[in-house]
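> need a structure here:
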Amino acid sequence: MANNFMEDITATFDSADIEKNKTVAALASIPALFWLPFVAAKDSPFAKFYANVGLVLLIAGVVASILMKILGWFGGLVGGLIQLAVTIAVIISLVNGFQGKAVKLPVIGDIVIIK
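Okay, the predicted model is just below:
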């Protein structure tokens, strides 16, 4: 799935870590489950990478919801587009996570909240 817009950083993670924790990592990319690696894979940098993705997508979704509430039709349009982008990003992250790939998403890929 990686292309010019998404940087593949899989090589920076240990292959044993990836194989052991790819299911937890993939599920962590779902915004409501970003916390999962802290319970099921505490020492996994790969799972924490996806926990960060999930948290950033959660924040983006909250921002979109706020825009939709306070800015009328324009906020609804912008918020709706953000929500669509978040949904697409979750699907891409799920697929990459289950495949054991670490790929930075466009626009938000360099935002690091969880290290």
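
> now do the same end-to-end measure for stretch 101-111.
18 Å (C-alpha to C-alpha, to the nearest Å).

> can you give me the buried ones in that stretch?
101-105, 108-109 (16 or more other C-beta atoms under 10 Å). (C-beta placed from N, C-alpha, C; glycine too.)

> what about the strand or helix carrying Phe74, average pLDDT?
Here Phe74 sits within helix 72-98, counting by DSSP states H and E. Averaged across helix 72-98, pLDDT comes to 91.

> mind listing what's buried in it?
Applying 16+ other C-beta under 10 Å to helix 72-98 flags 75, 79, 82-83, 85-86, 89-90, 92-94, 96-97 as buried.

> for these, could you give me TSV that also reports distance to Lys69?
Shown next, in TSV, are these (distance: C-beta to C-beta, whole Å):
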residue	distance to Lys69
Gly75	7
Gly79	8
Ile82	13
Gln83	13
Ala85	18
Val86	16
Ala89	22
Val90	22
Ile92	27
Ser93	26
Leu94	28
Asn96	32
Gly97	31
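
> out of these, which is nearest to Ala40?
Gly97 (13.4 Å; C-beta to C-beta).

> okay if I get the buried residues of stretch 101-111 as TSV plus distance to Lys69, pLDDT and secondary structure?
Formatted as TSV, the buried residues of stretch 101-111 follow (distance: C-beta to C-beta, whole Å; pLDDT from 0 to 100; DSSP: H, G, I helix; E, B strand; the rest coil):
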residue	distance to Lys69	pLDDT	secondary structure
Lys101	36	96	coil
Ala102	34	95	coil
Val103	32	93	strand
Lys104	30	92	coil
Leu105	25	90	coil
Ile108	22	83	coil
Gly109	28	80	coil
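
> make TSV out of those and add distance to Ala41.
Formatted as TSV, these follow (distance: C-beta to C-beta, whole Å):
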residue	distance to Ala41
Lys101	17
Ala102	14
Val103	19
Lys104	20
Leu105	20
Ile108	22
Gly109	21
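
> tell me the one of the residues you listed nearest Asp43?
The closest of the buried residues of stretch 101-111, once distances to Asp43 are taken by C-beta to C-beta, is Ala102, at 16.3 Å.

> all set, thanks.
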